[in-house]
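Colleague: quick one: sequence plus predicted model below, questions after.
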Amino acid sequence: MPRTATGTAAKRSGMSLNTRNTLVGMTFILPNFIGFFCFVLIPVAFSFVLSFMEWDGFTEMKFVGIENFLNIFDDRVFRAALVQTVIFSIFTVAFSMVLALALAILLNNKLKGVNFFRAAIFFPYVASIVAVAAVFKAMFMKDGGPINEFLGLFLPDSMLPGWLASTDWALAACIIVQVWKNMGYFMIIYLAALQDIPYSLYEAASIDGATKWQQFKSITLPMLTPSHFYVLMMLVINSFKTFDLIFTLTEGGPGTSTTMLSQYIYNESFISWNYGGASAAAMVLFLIVAAVTLLQFRVERKFNDFM
């Protein structure tokens with residue numbers, strides 16, 4: 001059997017072909033690993049250490065144990081931010097999944113101009129956050145905003161929502177914008193999964209007399225299970241760490257009505273210079289996201305075993 005050039009070179013260097021291939025593969029992943037170690041692992045470890053310290057970035061660090069955690073849970077703003085983050089995540093995840101799936105099913109049909117509509121719905125996901133916030137700030141204006149102008153055709157002025165200027169409506173407005181921005185990307189995920197479902201399953205179901213709703217319930221939804229779990233996991237993680245959209249829309253206001261955990265961490269770090277409290281809040285956020293993610297993996301594993 002003729003020797004390959006790689007095999008000959010490996011033999012000359014005194015190492016096996018498998019060892020050489022392993023080293024070559026490691027050189028490809030090494031830059032990514034170095035980046036992860038320097039910019040993710042070390043900052044997370046340092047944040048964990050800081051959560052037990054009192055430090056303003058200038059004076060000497062002082063160990064305070066769990067005092068930072070006790071202080072943030074005693075802080076009304078932190079408790080409000082935690083509740084608002086959970087509410088924001090629940091509604092964002094639910095509406096994004098439902099609308100993304102509905103749009104994917106609709107645009108999976110042979111419609112005229114379907115590619116244009118797919119691109120148009122996906123566009124908000126890649127649009128600049130600053131541009132999106134500027135547009136929606138104008139649209140959500142209480143006086144003269146297009147949304148309230150339309151609602152004014154059916155409601156009296158006293159019943160028109162204040163949207164971003166109202167403590168009662170600001171969070172709902174942020175949820176609407178987040179859902180609008182997210183659903184295009186997850187529509188593509190669902191669309192790809194729908195196109196992988198064998199059409200023969202629908203043909204067999206039609207021959208057996210199954211209605212469209214029965215086909216959706218018995219074929220489409222079960223076949224999309226891996227996509228459901230992926231979309232759910234990504235939406236939960238993204239919604240819990242949402243910062244840029246809220247910051248550009250409301251900066252956490254009016255008052256603290258749209259302050260999220262990420263906004264609270266930012267305020268504690270770069271406004272109050274309380275790095276210990278900010279790190280403690282970051283650890284709480286990390287534990288929540290980690291717990292939810294692990295729970296989703298466990299549920300998915302049990303569901304797959306059941307199926």
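Modeller: The structure has been received and is ready for your questions.

Colleague: ok, now which ones touch residue 234?
Modeller: Contact analysis of residue 234 by C-beta atoms under 8 Å, 6 or more residues apart in numbering lists residue 186. Where C-beta positions appear, they are placed from N, C-alpha and C, glycine not excepted.

Colleague: mean confidence for the host helix or strand of it?
Modeller: Assigning secondary structure by DSSP states H and E places residue 234 in helix 225-240. The predicted model assigns helix 225-240 a mean pLDDT of 91.

Colleague: with stretch 28-36 instead?
Modeller: Averaging pLDDT along stretch 28-36 yields 89.

Colleague: how far off centre is it?
Modeller: 24 Å (C-alpha atoms, centre = their mean, to the nearest Å).

Colleague: wasn't residue 273 part of a strand?
Modeller: No: secondary structure of residue 273 (DSSP: H, G, I helix; E, B strand; the rest coil): coil, not part of a strand.

Colleague: my guess is it meets residue 59, correct?
Modeller: No: in this structure residue 273 lies outside contact range of residue 59 using C-beta atoms under 8 Å: 10.1 Å.

Colleague: settle it for me: which of those two has more neighbours?
Modeller: Taking neighbours as other C-beta atoms under 10 Å, residue 273 and residue 59 compare with residue 273 leading, 13 against 8.

Colleague: who's in contact with the more buried one?
Modeller: Here residue 273 is in contact with 56-58 (criterion: C-beta under 8 Å, 6+ apart).

Colleague: same check on residue 96?
Modeller: 178-179, 182-183, 186, 231, 235.

Colleague: now do 7 Å
Modeller: 179, 182-183, 186, 235 (C-beta atoms under 7 Å, 6 or more residues apart in numbering).

Colleague: try residue 163
Modeller: Residues near residue 163 by C-beta under 7 Å, 6+ apart: 140, 142, 169-170, 173.

Colleague: all strands for this structure, in order.
Modeller: Using DSSP state E, the strands assigned to the chain run over residues 53-54, 62-63.

Colleague: give me whichever of those strands is most buried.
Modeller: Highest mean neighbour count of these: strand 53-54, a mean of 18 (counted as mean count of other C-beta atoms under 10 Å).

Colleague: beta partners for residue 53?
Modeller: For residue 53, the beta-bridge partners under DSSP bridges are residue 63.

Colleague: local confidence estimate at it?
Modeller: With respect to pLDDT, residue 53 has a value of 94.

Colleague: wait, isn't it in contact with residue 62?
Modeller: Yes: between residue 53 and residue 62 there is a contact under C-beta atoms under 7 Å: 6.4 Å.

Colleague: any chance of the contacts of residue 96 in JSON lines, plus distance to residue 146?
Modeller: Shown next, in JSON lines, are the contacts of residue 96 (distance: C-beta to C-beta, whole Å):
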{"residue": "179", "distance to residue 146": "18"}
{"residue": "182", "distance to residue 146": "22"}
{"residue": "183", "distance to residue 146": "20"}
{"residue": "186", "distance to residue 146": "26"}
{"residue": "235", "distance to residue 146": "28"}
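
Colleague: that older thread, tell me the buried residues in the helix holding residue 234?
Modeller: Buried residues in helix 225-240, counted by 16 or more other C-beta atoms under 10 Å: 227-240.

Colleague: point to the residue nearest the middle of the protein.
Modeller: Closest residue to the average C-alpha location of the chain: residue 238 at 1.8 Å, with C-alpha atoms, centre = their mean.

Colleague: how about the nearest residue to it, chain neighbours excluded?
Modeller: residue 182 (7.3 Å; C-beta to C-beta, 6 or more residues apart in numbering).

Colleague: which stretches of the stretch 201-307 of the chain form helices?
Modeller: 212-215, 221-223, 225-240, 244-249, 261-270, 275-306 (DSSP state H, counting those that start in this stretch).

Colleague: among these, which comes closest to residue 80?
Modeller: With C-beta to C-beta, the closest approach to residue 80 among the helices of the stretch 201-307 of the chain belongs to helix 261-270: 8.9 Å.

Colleague: packing partners of that closest one?
Modeller: Other helices and strands packing on helix 261-270, by 3 or more C-beta pairs under 7 Å, 6 or more residues apart in numbering; DSSP states H and E, are helix 76-107, helix 275-306.

Colleague: re earlier: look up how far residue 162 lies from the residue nearest to the centre of the chain.
Modeller: Distance of residue 238 to residue 162, given as C-beta to C-beta, to the nearest Å: 27 Å.
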